[in-house]
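Visitor: Pasting the sequence and the predicted model now:
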Amino acid sequence: MDREERGEDSKGSSDQSLQTSVDWRGRPCKPNRHGGMTAALFILGLQAFEMMAIAGVGNNLITYVFNEMHFPLSKSANTVTNFVGTVFLLSLFGGFLSDSYLGSFWTMLIFGFVELSGFILLSIQAHVAELRPPKCSMGSPTGGCEEAKGYKAWIFYGALYLVALGSGCLKPNIISHGADQFPKHDSKQSKKLSTFFNSAYFAFCTGELLALTLLVWVQTHSGMDVGFGVSAAAMAVGLISLISGSLIYRNSPPRGSIFTPIAQVFVAAISKRKQICPSNSEMLHRSHILDPQNPSGTISNNVTLIHTEKFRFLDKACIKMENGGNEMRESCWRLCSVSQVEQVKILVSVVPIFACTIIFNTISAQLQTFSVQQGTSMNTNLTPNFRIPPASLQSIPYMMLIFVVPLYETAFVPLARRITGNDSGITPLQRVGIGLFIATFSMVQLQSSSTRGETPP
């Protein structure tokens with residue numbers, strides 16, 4: 001009986017996976033018309049221009065907050081890191097809205113305009129003198145600069161966190177919507193997925209580089225109001241790019257709350273915590289119980305997954321209870337399928353990986369805050385008539401990445417693919433590990449130079 005159920009589940013999963021993507025009118029996608037790299041290019045356009053817009057604000061924000069809003073240096077640094085942290089935290093909210101209710105495209109479109117409104121409001125505040133404190137040099141020995149308070153601070157924070165809300169809800173959906181253009185059941189398209197991820201990072205670096213050079217130059221020579229206005233224009237171009245590809249996108253429909261099936265697994269496992277897991281995994285429940293609120297009964301499209309031995313406590317959610325030798329009919333909050341439990345195991349498994357990125361973002365925060373302020377006290381003149389703006393010092397890593405990412409894709413990946421047999425050359429986890437090691441090593445080198453009293457290279 002279990003084998004028949006598994007066969008039916010597998011067949012149903014296969015059929016459903018081919019029909020999950022729809023066009024903008026909700027009709028099934030056509031392989032030769034929808035998706036692929038052509039559709040992904042419009043999404044990459046949004047990635048580049050949105051990154052240019054928000055990086056133009058975020059990377060020079062400490063200069064604006066310190067010199068124009070007259071916040072103390074420590075408060076200015078906290079404002080920047082709180083802004084960046086809010087963007088990252090709201091990514092969870094954006095992903096939830098997309099998966100549960102709106103879908104990737106509509107989430108990006110709606111919150112893209114929210115982000116655009118934030119840029120426009122920032123530009124207005126930077127342009128209208130009445131919305132800022134009186135001009136004053138924060139570097140003056142006498143001090144006495146008036147800090148922005150009251151409605152001036154409220155307008156600033158309101159505009160800033162409109163940008164954070166829009167960007168936070170937009171960012172996770174750019175990558176996921178791009179990945180939707182390459183269906184996994186099509187082997188030719190799925191092989192291009194790694195290329196898309198590398199292209200997305202290239203677009204990210206291009207946007208950062210333009211922000212740290214062109215936009216910072218505009219902010220320095222034409223004023224922060226013009227710079228914020230250019231950010232708004234870049235965001236508008238990104239939204240135009242997104243809308244331009246709407247007719248050829250593959251769209252994954254929202255599937256209801258993603259938290260409900262996760263909660264079901266934990267509730268079922270806890271309620272059966274006194275039960276003993278069977279030694280034979282074939283005895284675990286494998287068929288899906290349909291819930292009117294969540295017909296799939298799983299987190300993602302009834303995908304059939306193989307049972308694994310990790311996190312065995314969660315397997316108790318799959319134990320079938322018996323009453324007098326007959327199986328009891330249990331609700332989805334008391335009995336879950338193996339596939340549903342395995343998907344929760346996957347989510348739990350990636351938590352340590354997410355936690356490791358705290359190291360990288362802690363390092364990155366130094367680049368966006370104190371290094372910019374330190375650059376204001378450095379001699380950044382390359383020639384008597386050309387001076388590098390302090391915020392543009394952050395562009396050095398992105399200049400390197402502009403060359404390294406294409407080199408990685410064209411030279412390293414084909415070579416590594418022949419050695420490892422992996423379509424991506426090396427696994428994503430290996431790439432994360434190598435990157436974290438290099439980032440950590442750079443800070444060790446910086447600390448070593450500081451201890452010896454040397455000037456860091």
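Guide: The structure has been received and is ready for your questions.
Visitor: So what touches stretch 306-325?
Guide: With CB atoms under 8 Å, 6 or more residues apart in numbering as the contact definition, stretch 306-325 has outside contacts at 264-266, 268-269, 272-273, 275, 277-278, 281, 283-286, 327-328, 330, 334-338, 340-342, 344-345, 348-349. (Glycine included, C-beta is placed from N, CA and C.)
Visitor: hmm, which of those are the buried ones?
Guide: When the contacts of stretch 306-325 are checked for burial by 16 or more other CB atoms under 10 Å, the buried set is 264-265, 268-269, 272, 277, 284-286, 330, 334-338, 340-342, 344-345.
Visitor: Now intersect these with the helices, please.
Guide: Among the buried ones among the contacts of stretch 306-325, DSSP state H puts 264, 265, 268, 269, 338, 340, 341, 342, 344, 345 in helices.
Visitor: With respect to residue 218, which of these is nearest?
Guide: Here the nearest of these to residue 218, counting by CB to CB, is residue 344; it sits at 48.1 Å.
Visitor: what's the distance between that closest one and residue 265?
Guide: Separation of residue 344 from residue 265 (CB to CB, to the nearest Å) stands at 4 Å.
Visitor: now swap in residue 80 and tell me
Guide: From residue 80 across to residue 265, the span is 39 Å (CB to CB).
Visitor: What count of nearby residues applies to residue 160?
Guide: By other CB atoms under 10 Å, 23 other residues sit near residue 160.
Visitor: To which secondary structure element is it assigned?
Guide: helix 151-180 (DSSP states H and E).
Visitor: what's the offset of that helix from the middle of its chain?
Guide: Computed by CA atoms, centre = their mean, to the nearest Å, the chain-centroid distance of helix 151-180 equals 11 Å.
Visitor: Next: stretch 109-120.
Guide: Chain-centre distance of stretch 109-120: 17 Å, with CA atoms, centre = their mean.
Visitor: Next, the buried residues of that stretch.
Guide: 109, 111, 112, 114, 115, 116, 117, 118, 119, 120.
Visitor: the inter-axis angle of the strand or helix carrying the third one versus helix 151-180?
Guide: It refers to residue 112. In this assignment (DSSP H and E), residue 112 forms part of helix 104-127. Interaxial angle, helix 104-127 versus helix 151-180 (axes from the mean of the first three to the mean of the last three CA atoms, to 10 degrees): 150 degrees.
Visitor: In three-state terms, label residue 144 for me.
Guide: Judged by DSSP: H, G, I helix; E, B strand; the rest coil, the three-state class of residue 144 is coil.
Visitor: What's the separation between it and residue 127?
Guide: Counting by CB to CB, the gap from residue 144 to residue 127 is 25 Å.
Visitor: Tell me which of the two has more neighbours.
Guide: With neighbours defined as other CB under 10 Å, residue 144 and residue 127 compare such that residue 127 has more, 15 against 8.
Visitor: Show me the chain divided up by domain.
Guide: By the assignment in automatic domain parsing, the chain contains the domains 21-254, 257-343.
Visitor: can you give me the strands for the stretch 251-400 of the chain?
Guide: Remark: strands assigned in the stretch 251-400 of the chain by DSSP state E, counting those that start in this stretch are 322-323, 326-327, 381-383, 386-387.
Visitor: where among those is the average confidence lowest?
Guide: The stretch with the lowest mean pLDDT among these is strand 326-327, at a mean of 58.
Visitor: what about stretch 26-44, how long is it end to end?
Guide: Across stretch 26-44, the terminal residues are separated by 23 Å (CA to CA, to the nearest Å).
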